[in-house]
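What follows is a predicted protein model with its sequence.
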Amino acid sequence: MSTKLTVHADPKAELSGGVSAVVASLPVSYGPAAGAADISALDGEAGWTLRVLAAAQDGARGVVVVNPVAESVEDIAAAAKTAAAVALDQRWSSNPAVEGARHALQGYLDDAALLDSVAIAAPGTQSVELLTQHLALIQDLGVGLETLRLVQHGPTGYVAAGSLANGAPMALQGITTSAVRPRCSVTVLNSTGGLELTVPDPDAAWPAEILVTNPSGSTLLPTLYESAHRSTWTRLKKHLDAGQMPTDLARFGEVASAVHRLTGHRATP
Amino acid sequence: MHNSLYPEPEPNGVLGVGILGAGPVTQAIHLPSLARLRDLFEVRHIMDVDPAVAESVASRVGARFSTSMDELLADPEVDVVAICSPHQFHAAQVTAACRAGKKAVLCEKPFAMNGEEAARISAVSAETGVPIIVGAMHTFDPGWLAAEAAWGNLPEQVHTIRSSIVLPPNPRFEDFATEIVGRPEASAPEASTPNHVEPAAAKAMLRGGVMGLAIHDLPLVRRFVPDFQSVEVLHAEVLQPFGYVISLRTATRTIELRAAMNSTWKPEWTFQAIGDEAQLTVSFTPSYVHSGSATAQIARAGSAIQLGPYGHNGYEGEWRKLAELARGKGEAPPARTLIDDLEFALSIADGAATRYESPTHTRQEVSA
């Protein structure tokens, strides 16, 4: 039988990660801490890598970082060396549908003609922040970020272009608006159809949708009514129970590297 | 605008139509549209350089046929002329139709090959009083027109515009609209590695993509780009087997154009104009088949209104507009609008081809 883990969230993580609500929805796995906690939840604002190290030094077995900014690859690597299991709770890439989308996408990438993706966030969102969250999703879909370059960026969004492994174009756009809810969509077209993924924000358990189209028709894959926040915590619990370390930081290091290369921006503690 | 040189038709009379060029667009788009408008039009003369095609297409509608533009324009039963010939003939034929004293002219896009040519045509239109409509069908789509009436201050706040097109091959829809005769042979794809296109072919594809496909939506784009004359192409790529990814900007707007033609059965044609607080999304129906109008959605935080679908599409809309103009009712599109639309499209087509030339912007260089 697995152990119930105690949780402490810093005030910003509580707000950005909905920690209390998530913990309440996992009452067997987690509970609030009276004193020192097994799991520390941190907001991913600048300085999060140092706070991960501090939490681990204070004895946390696990750390959840909500929407981390792209700090230096070295700092991220240092955080990955702690004894604590670190899980990143990312706006879109932590959605539980992403794993299924990655598997489904493999059947479309070999003869893909285009990957077109649009990330939408509220006005005032910094382009580099939106780009970081966008790239994290693209990477978790199994698409390399190495060829991307920034075409333009400004206060209302950005455009980036690159190519898939087969040479087909990849186009990413970030747009700020309050007209519609924040979300990230990814469309891959191939010779006879394609795949469309739409990932909502994690502030409710509205499901991501994966629609696959082939010559036989279009199929909506089964939906999962679990938010990215809750999915992160269930995943962390599985890792801890199995004695395994998540690979989140290693993968996020690649995202941060791409963000730095594209924007020249490096978040610092 | 009414052409005062010629008598107004009987209020309930139909207008005689002459069509220059009888290829797939005429067969699958205009004749089916006119078949839905028998109270307004009767096709009386079909011209095509291929006499067999001209005769076959004319016989469907009980019209006369010829292989000569002059013969069609001299036909007194022809009140309005539709120009559906290859692009390079449009300017001369529009001018000739105006000079022939017809009541109105519908010209498939583009109506000229450059701005000077467009200005000369507009001058002839003004001189003769013959109104001209360019077949940018989406601008006549009732879904678009309803959105235009409802969008309020949206154009002022828009900062991002997207046009996304996914199309099956045209025959998939042409064959649901009619039975084509004389369909041009599809050219065999050139031997190439996957997703690699020779630069000359890529530039031709970009020009063709902008002037043949994107041009349908560029007049819509321009409605949201007050500083359209400063448009700059930042990025241009081609898709296999046909399509494009083009990134544009002006000082105040970001514009993204996407198109892919593949073998899918599922068409998608979406136009979006996005501002800080409002977003317009227009989903157009496929060309050729008469599957009603576009639907438009105007979203603002927490709410959205939907407009349409309505019972006819933009092709039928443009013929309805032509009937109005031929009867001296309504306003013809201002010449400046037609010229600006054309020059906007040409600048993007040229810019996309030029941008592709730059080695630092080719996919091969980026991925190297």
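Okay, I see it. Numbers count the residues shown, from 1 in each chain, chains lettered A, B, ... in the order given.

For chain A, see how far away B:Asn313 is.
B:Asn313 sits 23 Å away from chain A, going by CB to the nearest CB, to the nearest Å. (Glycine included, C-beta is placed from N, CA and C.)

I figured that residue was touching B:Thr295, is that so?
No. Here B:Asn313 lies out of contact with B:Thr295, judged by CB atoms under 8 Å, at a distance of 11.7 Å.

who has more neighbours, the two?
Residue environment comparison for B:Asn313 versus B:Thr295 gives the larger neighbour count to B:Asn313, 29 against 18, counting by other CB atoms under 10 Å in any protein chain shown.

Spatially nearest residue to the residue of the stretch 201-350 of chain B found nearest chain A, not counting backbone neighbours?
Across the stretch 201-350 of chain B, the shortest distance to chain A (CB to the nearest CB) belongs to B:Gln279, at 3.7 Å. Sequence neighbours aside, A:Ala179 is the residue nearest to B:Gln279 in space, at 3.7 Å (criterion: CB to CB, 6 or more residues apart in numbering or on different chains).

which ones are touching the one you found?
A:Ala179 makes contact with B:Ile274, B:Gly275, B:Asp276, B:Glu277, B:Ala278, B:Gln279, B:Ala299, B:Arg300, B:Ala301, according to CB atoms under 8 Å, 6 or more residues apart in numbering or on different chains.

can we see that at 6 Å?
Neighbour list for A:Ala179: B:Ala278, B:Gln279, B:Ala299, B:Arg300 [criterion: CB atoms under 6 Å, 6 or more residues apart in numbering or on different chains].

ok, back up a step: burial check on the residue of the stretch 201-350 of chain B closest to chain A, number of neighbours?
By the measure other CB under 10 Å, the count of residues near B:Gln279 is 25.

So what does it have for phi and psi?
Dihedral angles of B:Gln279 (phi, psi; degrees, to the nearest 10) stand at phi -140, psi 130.

Can you verify my assumption that it contacts B:Ala299?
Yes. At 4.8 Å, B:Gln279 counts as touching B:Ala299 under the criterion of CB atoms under 6 Å.

Quick check: neighbours shared by the two?
A:Ala179, A:Val180.

for the stretch 251-368 of chain B, what spans make up the helices?
B:314-326, B:335-357, B:363-367 (DSSP state H, counting those that start in this stretch).

Need the ones you listed in JSON lines (columns: mean neighbour count and mean pLDDT).
Listed next are those as JSON lines, based on neighbours: other CB atoms under 10 Å in any protein chain shown; pLDDT from 0 to 100:
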{"stretch": "helix B:314-326", "mean neighbour count": "23", "mean pLDDT": "96"}
{"stretch": "helix B:335-357", "mean neighbour count": "20", "mean pLDDT": "91"}
{"stretch": "helix B:363-367", "mean neighbour count": "15", "mean pLDDT": "33"}
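
Now these in a markdown table, please, with extra columns for distance to B:Thr128.
Formatted as a markdown table, the entries for the helices of the stretch 251-368 of chain B read as follows, by distance: least, CB to CB, whole Å:
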| stretch | distance to B:Thr128 |
| --- | --- |
| helix B:314-326 | 13 |
| helix B:335-357 | 13 |
| helix B:363-367 | 49 |
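
Show me the one of those helices that comes nearest A:Ile138.
Closest approach to A:Ile138 among the helices of the stretch 251-368 of chain B is made by helix B:363-367 (15.9 Å; CB to CB).

that older thread, report the contact partners of the residue of the stretch 201-350 of chain B closest to chain A.
B:Gln279 neighbours (CB under 6 Å, 6+ apart): A:Thr177, A:Ala179, A:Val180, B:Ala299.

Can I get these in JSON lines including secondary structure?
What follows is the contacts of B:Gln279, written out as JSON lines (DSSP: H, G, I helix; E, B strand; the rest coil):
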{"residue": "A:Thr177", "secondary structure": "coil"}
{"residue": "A:Ala179", "secondary structure": "coil"}
{"residue": "A:Val180", "secondary structure": "coil"}
{"residue": "B:Ala299", "secondary structure": "strand"}
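
Most neighbours out of these, which is it?
The member of those that has the most neighbours, counting by other CB under 10 Å, is A:Thr177 with 26 neighbours.

Test my guess that that residue contacts B:Ile274.
Yes. Using CB under 6 Å, A:Thr177 and B:Ile274 qualify as a contacting pair, with a distance of 5.2 Å.

What ranges in the chain fall below the confidence cut-off?
I went with chain A, as the question did not name one. A:1-2, A:268-269 (pLDDT under 70).

wrong chain, I was asking about chain B
B:1-12, B:184-196, B:357-368.

OK, contacts around the most centrally placed residue in it?
Here the mean C-alpha position of chain B is nearest to the C-alpha of B:Ala136 (CA atoms, centre = their mean), at a distance of 3.2 Å. B:Ala136 makes contact with B:Lys109, B:Pro219 under the criterion CB under 6 Å, 6+ apart.

And B:Gly16, by the same measure?
The contact partners of B:Gly16, by CB under 6 Å, 6+ apart, come to B:Glu42, B:Arg44, B:Glu77, B:Val78, B:Asp79.

for chain B, what are the nearby residues on the stretch 1-150 of chain A?
When proximity is defined as CB under 6 Å from any CB of the partner chain, the stretch 1-150 of chain A approaches chain B at A:Ala113, A:Leu114, A:Asp116, A:Pro123, A:Thr147.

Can you select the buried ones among these for me in ChimeraX?
Selection command for ChimeraX covering only the buried members of the residues of the stretch 1-150 of chain A next to chain B, criterion 16 or more other CB atoms under 10 Å in any protein chain shown:
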select /A:113,114,116,147
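
quick one, strands of the stretch 101-250 of chain B?
Taking DSSP state E, counting those that start in this stretch, the strands of the stretch 101-250 of chain B run over residues B:104-107, B:132-134, B:158-167, B:232-238, B:242-249.

got CSV for these, with distance to chain A and mean neighbour count too?
As requested, the strands of the stretch 101-250 of chain B are arranged in CSV below (distance: least, CB to the nearest CB, whole Å; neighbours: other CB atoms under 10 Å in any protein chain shown):
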stretch, distance to chain A, mean neighbour count
strand B:104-107, 32, 27
strand B:132-134, 29, 25
strand B:158-167, 4, 22
strand B:232-238, 5, 23
strand B:242-249, 5, 24
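
With distance to B:Glu268 added, can I get the ones you listed in CSV?
What follows is those, written out as CSV (distance: least, CB to CB, whole Å):
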stretch, distance to B:Glu268
strand B:104-107, 27
strand B:132-134, 24
strand B:158-167, 4
strand B:232-238, 19
strand B:242-249, 12
